[in-house]
Structure formats: structure tokens, C-alpha cells
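Visitor: For reference, the sequence and a predicted model appear below.
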Amino acid sequence: MRTLYLVRHAKSSWEDSSLADHERPLNKRGLRDAPLMGQRLVDKKVRVDSIWSSPAQRAVETVRYIAKALKYPRKKICLRERIYTSMIDDLFYEISSCPDEVNNLLVVGHNSVITDFANLLIVYGRNTEIELIPTCGIVAIEFTFSSWQQLEEREGRFLFFDYPKNSAISV
């Protein structure tokens, strides 16, 4: 069994218009929500073997709060440029290249690709299509394959969807 946790970065600041998109930090709400969602993962007894993130500042800040809550070593967080992309194929490539010793992978990225990717992977059942993963939202998907290289569309079982302004939705 493999579990993928897809996380959209927390709310970012648009206050400094001189910053490049890659350099935008979290705003006040993002700084509140990232630790909150990290704690919700702890409450769900989530364990991860590896954490990957977009190298964009807002994603890096988000992943550091989540990793801290999960007691995951900050120095082991892997920043991957392809996760910064807006292309599903890039994200699909990254995840399918995950080493087989990793059973539980957490990935922090950006919308709309995070929402689209989650919907691409989930086997649809009653009320499982996700219209939008809001900032700092988390979707957990479970797979029965033995290798991430076997990642396929519509093969994942929806576990939960949670975000700061709502209680968790699970099946």
C-alpha cells in the first residue's frame, strides 16, 4: 500500500508587488493555517516517509510547518522544481519516480495542478470529485500498487480531504 498526501501551499502574500512569483511568502492567514493543518495530520496519525515540495517560497514555508508538526527532519525535505509547474505531466513524472522504499509521500504544490492531479488519480465514487483544493488543503489518496512507477489514472482510493475552513471529509 502507498499513500499520497497532496497539499496546496498556504495563503500567500501579494503585498510586495516587486517580488517574483517564486519569492512570495505566506501572509498572516497562511502563517496561521500551515501549522493548523500540520496538527490535523498529526491528529489523523499520518506518518510520512518522504516530503517533497515546490521550491517557491510560499510552498517552502508551508512544508516547514507541516514537517515540524509531523516531526519530519527539515533537512530531509526535498525541493523539486517540477512541482512548481502548472503541468500535470510534470507532477505525474515526479511522483512516479518516487523510490519504492517510500510508502507514504507528502507533496506540497500549487493550484490548479494539485486539484487536477488529485482528481486524475482518484477512483470516483459518491461525492469524491474535488472542485477546488483551497489554500493549505490536503487530499489523501491510497494506492494498492507495489511501486510508484505503477502510478495510473483512476487507481487511487480517496481517504480524506481537509482544509482550514472546514472539518475533514472522509470515507
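Guide: In hand now; what should we look at? Numbers count the residues shown, from 1 in each chain.

Visitor: list the contacts for C78?
Guide: With contact set as CB atoms under 8 Å, 6 or more residues apart in numbering, C78 has these partners: 50-53. Where you see a C-beta, it was placed from the backbone N, CA and C, and this is true even at glycine.

Visitor: Tell me the buried residues in the longest helix along the chain?
Guide: Taking DSSP state H as the criterion, the chain has its longest helix at helix 28-43. Under the neighbour-count criterion of 16 or more other CB atoms under 10 Å, helix 28-43 has 30-31, 33-35, 37-38, 40-41 buried.

Visitor: Mind putting the residues you listed into CSV with distance to C78 and pLDDT?
Guide: Shown next, in CSV, are those (distance: CB to CB, whole Å; pLDDT from 0 to 100):
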residue, distance to C78, pLDDT
G30, 21, 95
L31, 23, 96
D33, 23, 97
A34, 18, 98
P35, 21, 97
M37, 19, 97
G38, 18, 98
R40, 22, 96
L41, 18, 97
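
Visitor: Among those, pick out the one closest to E15, please.
Guide: Checking those against E15 with CB to CB, the nearest one is G30 at 11.9 Å.

Visitor: Relative to S17, how far out is the residue nearest to that closest one when sequence neighbours are not counted?
Guide: Ranked by CB to CB, 6 or more residues apart in numbering and with sequence neighbours excluded, the top spatial neighbour of G30 is A10, at 3.5 Å. Going from A10 to S17 by CB to CB, to the nearest Å gives 20 Å.

Visitor: Between these two, which is the more surrounded one?
Guide: A10 (29 against 5; other CB atoms under 10 Å).

Visitor: what are the phi and psi angles of that one?
Guide: A10 adopts backbone torsions of phi -70, psi 170, taken as degrees, to the nearest 10.

Visitor: hang on, the earlier thing: can you put the contacts of C78 in JSON lines and add pLDDT, secondary structure and neighbour count?
Guide: As requested, the contacts of C78 are exported to JSON lines (pLDDT from 0 to 100; DSSP: H, G, I helix; E, B strand; the rest coil; neighbours: other CB atoms under 10 Å):
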{"residue": "S50", "pLDDT": "98", "secondary structure": "strand", "neighbour count": "17"}
{"residue": "I51", "pLDDT": "98", "secondary structure": "strand", "neighbour count": "25"}
{"residue": "W52", "pLDDT": "98", "secondary structure": "strand", "neighbour count": "22"}
{"residue": "S53", "pLDDT": "97", "secondary structure": "strand", "neighbour count": "25"}
